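Student: missing the sequence, but the structure's below:
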């Protein structure tokens with residue numbers, strides 16, 4: 001109803017047409033034509049440019065030329081921001097796996113909880129590892145443990161699988177340096193360290209609900225554990241690194257980036273140039289480079305790998321990172337073109353004329369984009385690009401932070417067959433499509449709604465003090 005009202009407003013039908021046509025094209029191209037997401041997003045960005053009422057750039061150039069050229073400019077602008085962080089995160093991820101550090105973290109958490117509470121250990125492991133490591137890799141790493149533990153206990157298989165999913169998805173969607181949160185912070189012009197701290201806090205609060213919700217879903221959709229398979233690392237024949245050194249590649253970037261954020265409160269003339277030093281060390285690229293250096297050191301120390309072995313080790317993650325950079329940058333171009341097309345006017349009309357709170361609107365936009373095209377990262381990038389111009393003129397302090405969280409929580413609602421994560425969980429867990437819909441989809445949608453309630457309540461309380 002609000003969308004129809006917006007469309008009837010003067011000057012809004014053209015941006016709305018561009019938005020709807022762009023999203024519809026992405027959905028059809030990926031699901032029906034089976035185009036690679038990179039091509040689908042780039043072509044959709046060009047389509048939005050062609051339908052946009054006006055575009056920035058040299059007015060002497062033809063409209064068609066700008067509609068094709070501007071998406072590529074925005075593609076390059078996005079790549080310049082996220083290419084190195086994604087590549088370094090990929091290095092940290094593979095090194096955590098190959099050095100045994102990830103296995104060490106998981107086993108330390110299992111010793112802490114014991115077998116009876118093993119899903120809690122898997123939840124914590126997914127939560128921690130998904131900060132620098134992509135969701136698919138984290139799930140691939142932890143699912144053998146979930147299968148083995150469930151087979152040994154002969155129960156709690158669904159709980160164990162969902163514990164991994166809940167912990168990993170929360171930090172993947174809310175905490176940089178994963179691509180979505182990284183670009184959200186940039187689009188909304190937010191301090192990266194502050195978004196990391198706030199994202200971890202919000203994710204931790206919602207993670208409390210993962211365990212009880214998983215138990216309820218298992219009662220509704222019980223799945224017997226598959227035949228026991230060997231857990232990776234059982235017969236490795238080499239000692240694992242200690243827990244503290246294993247977790248350093250994850251902790252160091254977070255600490256450095258947070259220190260840089262705290263340095264903003266120091267006076268410019270800090271003795272010894274402390275502020276400048278902290279800001280430089282806490283730059284996201286420098287911080288992740290430090291984490292990657294520690295991760296590479298772990299691999300060399302535990303495996304004795306030389307230069308050539310390291311080169312072979314890093315080839316696959318760089319190839320994976322390259323694909324992610326292409327898709328993420330294309331998603332950034334698509335979001336930027338929607339913004340250029342005037343999507344902010346639609347958001348402003350909905351927020352003003354429809355009386356919708358910006359936090360709720362941000363969640364609805366992100367969740368709608370997620371359900372339509374399947375990618376949470378694209379949903380985050382596009383939603384934040386659409387909302388950024390509206391927030392720039394918003395008088396409420398801190399509103400952009402609440403919108404950041406709302407977009408993040410909305411980006412994993414309604415995960416179904418068009419989401420690659422859906423199929424990763426279904427295939428590796430040996431769930432049927434129906435079982436995956438009744439477990440993975442319901443868990444993520446529940447956490448998404450809980451996150452929206454949490455953020456909306458926090459934003460309302462904060463508004464009372466302004």
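Tutor: Arrived safely. These figures come from a predicted structure and were not determined experimentally. Numbering: from 1, shown residues only.
Student: Next SSE downstream of the helix or strand containing residue 71?
Tutor: Under the criterion of DSSP states H and E, residue 71 resides in helix 63-98. Once the chain leaves helix 63-98, the next helix or strand it forms, by DSSP H and E, is helix 101-113.
Student: Is residue 313 in contact with residue 306, as I believe?
Tutor: No: assessed by CB atoms under 8 Å, residue 313 is found out of contact with residue 306, at 10.5 Å. (Glycine included, C-beta is placed from N, CA and C.)
Student: picking up where we left off before, for the helix holding residue 71, buried residues please.
Tutor: Buried positions in helix 63-98, judged by neighbour count with 16 or more other CB atoms under 10 Å: 66-67, 69-71, 74-75, 78-79, 81-98.
Student: cool, stretch 417-430 as well?
Tutor: 418, 419, 421, 422, 424, 425, 426, 428, 429, 430.
Student: residues in contact with it?
Tutor: 27, 30-31, 135-136, 139-140, 143, 146, 161, 165, 169, 223, 226, 370, 373-376, 415-416, 431-433, 435-436, 440-441 (CB atoms under 8 Å, 6 or more residues apart in numbering).
Student: swap the cut-off to 6 Å and go again
Tutor: Applying CB atoms under 6 Å, 6 or more residues apart in numbering, the set of residues contacting stretch 417-430 from outside is 31, 136, 139, 143, 161, 226, 374, 415, 436, 440.
Student: And stretch 259-268, by the same measure?
Tutor: 191, 193, 194, 275, 278, 279, 282.
Student: List the buried residues in that stretch.
Tutor: 259, 260, 261, 263.
Student: Looking at those, which is nearest residue 286?
Tutor: The shortest approach to residue 286 among these belongs to residue 260, at 9.0 Å (CB to CB).
Student: tell me the angle the helix or strand harbouring that closest one makes with helix 101-113.
Tutor: Residue 260 belongs to helix 243-263 when assigned by DSSP H and E. Counting by axes from the mean of the first three to the mean of the last three CA atoms, to 10 degrees, helix 243-263 lies at 100 degrees to helix 101-113.
Student: Give the buried residues for helix 243-263.
Tutor: Buried, per 16+ other CB under 10 Å, within helix 243-263: 243, 245-250, 252-261, 263.
Student: what residues are up against residue 47?
Tutor: By CB under 6 Å, 6+ apart, the contact list for residue 47 reads 22, 25.
Student: same question, residue 79
Tutor: The contact partners of residue 79, by CB under 6 Å, 6+ apart, come to residue 329.
Student: try the one 3 residues further on
Tutor: Listed by CB under 6 Å, 6+ apart, the contact partners of residue 82 are 179, 182, 328.
Student: Pull out the buried members of these.
Tutor: For these, buried by 16+ other CB under 10 Å: 179, 182, 328.
Student: thought the first one was touching residue 377?
Tutor: Yes: when contacts are counted by CB atoms under 6 Å, residue 179 is listed as touching residue 377 (5.3 Å).
Student: who touches both of those two?
Tutor: Residues touching both residue 179 and residue 377 (CB under 6 Å, 6+ apart): residue 328.
Student: Could you pull out the helices in the stretch 101-250 of the chain for me?
Tutor: Secondary structure of the stretch 101-250 of the chain (DSSP state H, counting those that start in this stretch): helices located at 101-113, 118-129, 135-153, 157-174, 179-187, 192-207, 210-220, 243-263.
Student: Number of residues surrounding residue 155?
Tutor: When neighbours are counted by other CB atoms under 10 Å, residue 155 registers 15.
Student: Ok, residue 326 next?
Tutor: Using other CB under 10 Å, residue 326 is surrounded by 19 other residues.
Student: OK, contacts around it?
Tutor: Per CB under 6 Å, 6+ apart, neighbours of residue 326: residue 38.
Student: what helix or strand does it sit in?
Tutor: Per DSSP H and E: helix 307-340 holds residue 326.
Student: can you give me the angle that helix makes with helix 63-98?
Tutor: Using the same axes, to 10 degrees: helix 307-340 against helix 63-98 is 140 degrees.
Student: Relative to residue 164, how far out is residue 139?
Tutor: Distance of residue 139 to residue 164, given as CB to CB, to the nearest Å: 6 Å.
Student: To clarify, my last question referred to residue 445.
Tutor: Residue 445 is 17 Å from residue 164, where distance means CB to CB.
Student: Looking at these two, which has the bigger crowd around it?
Tutor: Ranked by neighbour count (other CB under 10 Å), residue 445 and residue 164 place residue 164 first, with 29 against 17.
Student: Where does pLDDT dip in the stretch 1-150 of the chain?
Tutor: 1-11 (pLDDT under 70).
Student: thinking again about what came up before, I'd like to know which of the buried residues of stretch 417-430 is nearest to residue 18.
Tutor: Nearest to residue 18 among the buried residues of stretch 417-430 is residue 418, at 21.8 Å by CB to CB.
Student: who's in contact with stretch 357-365?
Tutor: Contacts of stretch 357-365 (CB under 6 Å, 6+ apart): 350-351, 383, 387, 402-403, 406-407, 410, 452, 455-456, 459.
Student: One more pass at 7 Å, please.
Tutor: Counting by CB atoms under 7 Å, 6 or more residues apart in numbering, stretch 357-365 makes contact with 347, 350-351, 383, 386-387, 399, 402-403, 406-407, 409-410, 452, 455-456, 459, all of which sit outside it.
Student: Equivalent analysis for stretch 285-296, please.
Tutor: The contact list for stretch 285-296, computed with CB under 7 Å, 6+ apart, reads 84-85, 88-89, 91-92, 95-96, 132, 177, 248-249, 252-253, 256-257, 280-281, 310.
Student: how close does residue 383 get to residue 371?
Tutor: The gap separating residue 383 from residue 371 is 12 Å, by CB to CB.
Student: Comparing those two, which residue is more hemmed in?
Tutor: Of the pair residue 383 and residue 371, residue 383 is the one with more neighbours under other CB under 10 Å, namely 33 against 18.
Student: from what I can see that one touches residue 368, true?
Tutor: No: the pair residue 383 / residue 368 is not scored as a contact, 8.7 Å apart, by CB atoms under 7 Å.
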